[in-house]
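1. Need a 3D model of the sequence below.
(chains A and B)
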Number of protein chains: 2
Amino acid sequence: MNSKKGIPEKTIERLAMYRRLLSGLKEKGLEHLYSHQLAEFTRNTPAQIRRDLMMTGYVSNARKGYTIGDLVKKIDETLAGSQRQKIALVGIGNLGRAILSYFNNQHSALSIVASFDNDDTKVNRVIAGCRCYHIKDLEAKIKEEGIDLAIITVPGHHAQEVAEKLESAGITGILNFAPVPLKLPDSIYSDRIDITTAIEKVAYFASKIRKEL
Amino acid sequence: MNSKKGIPEKTIERLAMYRRLLSGLKEKGLEHLYSHQLAEFTRNTPAQIRRDLMMTGYVSNARKGYTIGDLVKKIDETLAGSQRQKIALVGIGNLGRAILSYFNNQHSALSIVASFDNDDTKVNRVIAGCRCYHIKDLEAKIKEEGIDLAIITVPGHHAQEVAEKLESAGITGILNFAPVPLKLPDSIYSDRIDITTAIEKVAYFASKIRKEL
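-> The predicted structure follows:
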């Protein structure tokens, strides 16, 4: 989870956030934006926004603010590493299908090119726009396709085992949707999202708030 | 984002995580588990596991460890607030559809009972198993159905406006999938998940790792 050298993790997160927000505004026909407007949208200070965007080398025009198209391009260049990488998804349950159909409908340079499961009724079928392979072919397929990243959507008690298989296969980045943390060496970057736990937590604290009202 | 009084936020998160993991193991036919095994699955210390589970009032049998079924029931009781609550989802884009189809296929006491959008081609249709209403009917529908929680899946530049509408309608908990943070009063609990930013961040740091290898 270390950022290694270079731009800090939180800055990368914010740049990716600015890019998505700016791309959305550009699609709506907006061409210029001031740092204080971007600050309002993202609940940051204008100073923070300017510091972050300085990392991209983009210089704003004080009169017109940021030219959205140019700024998006600059962020693209800075986050270049996040582009044109192939992703494998492991675990075709409900969550796996949902993530697949979300991703395959996004216009992103990141794409899920193969999925894996151990269920023979799923193997060799195209599910949510992506071909499913047997988990036993994981390593061969990842090498053959030159896949760098993986998304894990298997049940919690299988997540670590799958992560280790992915690591042996040469994967360097994992986004883990299983409800358990992974233990991995520094040669692999991983992050975790747990949607069900998040909604359960919101539900729990929301009900506390209602009891206090 | 405060935990208010009572059980800390991180403990609630871990209890929800244990419940999902234990339910998965129970479905596989496992009946008993030692704290050190649960610790291994969840990358916690056995002491932490025991402290967390003490919150539920469950006492383990030293010889056989935890009886999974009973432990799940105890966690259910402790997280009772997270059960039987109705959810509204706002924003039927690709992500909204994915979240809907994931949730509506889960066997959870939390269910999405209504969705909202401002696109007339979606309104009054059943999408991913859930009826879509016009955003202008948000407040009336939320009160009519007794909905407590909301999931936001609108573009970033609409998220704050939608969150404020939800707050006026009496929602006390929000899970926000839009790429911007929300500014809300303490009378509403909110948390954020940004799937696209997370995968972009993984991609960025994974590519840094590959360059160093």
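2. make it CA atoms for all contacts and neighbour counts henceforth
-> OK.
3. Please parse chain A into its domains.
-> A:9-78, A:84-198 (automatic domain parsing).
4. list the contacts for residue A:132?
-> A:114-117, A:122-126 (Cα atoms under 8 Å, 6 or more residues apart in numbering or on different chains).
5. can you rerun that using 10 Å?
-> Residues in contact with residue A:132 (Cα atoms under 10 Å, 6 or more residues apart in numbering or on different chains) are A:88-92, A:113-120, A:122-126.
6. Tell me what it is bridged to.
-> On the basis of DSSP bridges, residue A:132 is bridged to residue A:115.
7. residue ranges for the strands of chain A, please.
-> A:32-33, A:66-67, A:86-90, A:111-117, A:126-127, A:130-134, A:149-152, A:173-176, A:189-192 (DSSP state E).
8. Which of these has the highest mean neighbour count?
-> Ranked by mean neighbour count, these are led by strand A:149-152 with a mean of 28 (mean count of other Cα atoms under 10 Å in any protein chain shown).
9. where does chain A have low pLDDT?
-> Chain A contains residues with pLDDT under 70 at A:1-5, A:81-83, A:107.
10. All the helices of it, residue numbers only.
-> Applying DSSP state H to chain A gives helices spanning A:9-27, A:35-42, A:46-54, A:68-78, A:94-104, A:138-145, A:156-168, A:195-212.
11. and the second one with chain B, contact?
-> Yes: counting by Cα under 10 Å from any Cα of the partner chain, chain B has neighbours in helix A:35-42: A:38, A:41-42.
12. So which of those is surrounded by the most neighbours?
-> Most neighbours among the residues of helix A:35-42 next to chain B, by other Cα atoms under 10 Å in any protein chain shown: residue A:42, with 23 neighbours.
13. how close does the residue nearest to the spatial centre of chain A get to residue A:99?
-> Against the mean C-alpha coordinate of chain A, by Cα atoms, centre = their mean, the closest residue is residue A:175 at 7.1 Å. Shown here: residue A:175 relative to residue A:99, a distance of 11 Å by Cα to Cα, to the nearest Å.
14. gap between residue A:45 and residue A:113?
-> Relative to residue A:113, residue A:45 is positioned 39 Å away (Cα to Cα).
15. again with residue A:53
-> With distances taken as Cα to Cα, residue A:53 is found 32 Å from residue A:113.
16. Please apply the same query to residue A:142.
-> Shown here: residue A:142 relative to residue A:113, a distance of 10 Å by Cα to Cα.
17. and for those two, which residues touch both?
-> By the contact definition Cα under 10 Å, 6+ apart, residue A:142 and residue A:113 are jointly contacted by A:86-88.
18. quick one, which of the strands of chain A is nearest to residue A:158?
-> Residue A:158 lies closest to strand A:149-152 among the strands of chain A, at 9.7 Å (Cα to Cα).
19. and that closest one, how far out from the chain's middle?
-> Distance of strand A:149-152 from the chain centroid (Cα atoms, centre = their mean, to the nearest Å) equals 10 Å.
20. name the helices or strands packed onto that strand?
-> Packing partners of strand A:149-152 (3 or more Cα pairs under 10 Å, 6 or more residues apart in numbering or on different chains; DSSP states H and E): strand A:86-90, helix A:94-104, strand A:111-117, helix A:156-168, strand A:173-176, strand A:189-192, helix B:195-212.
21. what lines up beside it in the sheet?
-> Strand A:149-152 has the following strand partners under DSSP bridges: strand A:86-90 (parallel), strand A:173-176 (parallel).
22. Alpha carbons only: can I get it in CSV?
-> Provided in CSV are the C-alpha atoms of strand A:149-152 (Å, rounded to 0.1, in the frame of the first residue of the first chain):
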residue,chain,number,x,y,z
LEU,A,149,-3.9,-6.0,-13.1
ALA,A,150,-6.6,-8.1,-11.4
ILE,A,151,-9.9,-7.6,-9.7
ILE,A,152,-10.9,-10.1,-7.1
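23. Contacts only, for residue A:161.
-> Residue A:161 touches A:167, A:182, counting by Cα under 10 Å, 6+ apart.
24. rewinding a little: reformat the helices of chain A as a markdown table; add distance to residue B:104.
-> Listed next are those as a markdown table, based on distance: least, Cα to Cα, whole Å:
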| stretch | distance to residue B:104 |
| --- | --- |
| helix A:9-27 | 28 |
| helix A:35-42 | 31 |
| helix A:46-54 | 39 |
| helix A:68-78 | 36 |
| helix A:94-104 | 9 |
| helix A:138-145 | 30 |
| helix A:156-168 | 20 |
| helix A:195-212 | 12 |
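25. mind checking which of those is nearest residue A:183?
-> Among the helices of chain A, helix A:156-168 sits nearest to residue A:183 (Cα to Cα), with 7.1 Å.
26. tell me which residues in that closest one are buried?
-> A:156-157, A:159-160, A:162-163, A:165-167 (16 or more other Cα atoms under 10 Å in any protein chain shown).
27. out of the residues you listed, which one sits closest to residue B:68?
-> For the buried residues of helix A:156-168, the minimum distance to residue B:68 (Cα to Cα) is 14.2 Å, reached by residue A:157.
28. Residues touching stretch A:39-46, excluding its own?
-> A:14, A:17-18, A:21, A:34-38, A:47-52, B:156-160, B:179-183.
29. Buried residues in that stretch, which are they?
-> Of the residues in stretch A:39-46, those buried by neighbour count under the rule 16+ other Cα under 10 Å are A:39, A:41-42, A:44, A:46.
30. Spit out the contact partners of the residue lying closest to residue A:72 once chain neighbours are set aside.
-> Leaving out its chain neighbours, the residue that sits closest to residue A:72 by Cα to Cα, 6 or more residues apart in numbering or on different chains is residue A:19, at 5.8 Å. By Cα under 10 Å, 6+ apart, residue A:19 lies in contact with A:13, A:25, A:68-69, A:71-76, A:79, B:179, B:197.
31. With distance to residue B:151 as added columns, please give these in a markdown table.
-> Below are the contacts of residue A:19 laid out as a markdown table (distance: Cα to Cα, whole Å):
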| residue | distance to residue B:151 |
| --- | --- |
| A:13 | 21 |
| A:25 | 22 |
| A:68 | 29 |
| A:69 | 30 |
| A:71 | 30 |
| A:72 | 28 |
| A:73 | 31 |
| A:74 | 32 |
| A:75 | 29 |
| A:76 | 29 |
| A:79 | 29 |
| B:179 | 13 |
| B:197 | 18 |
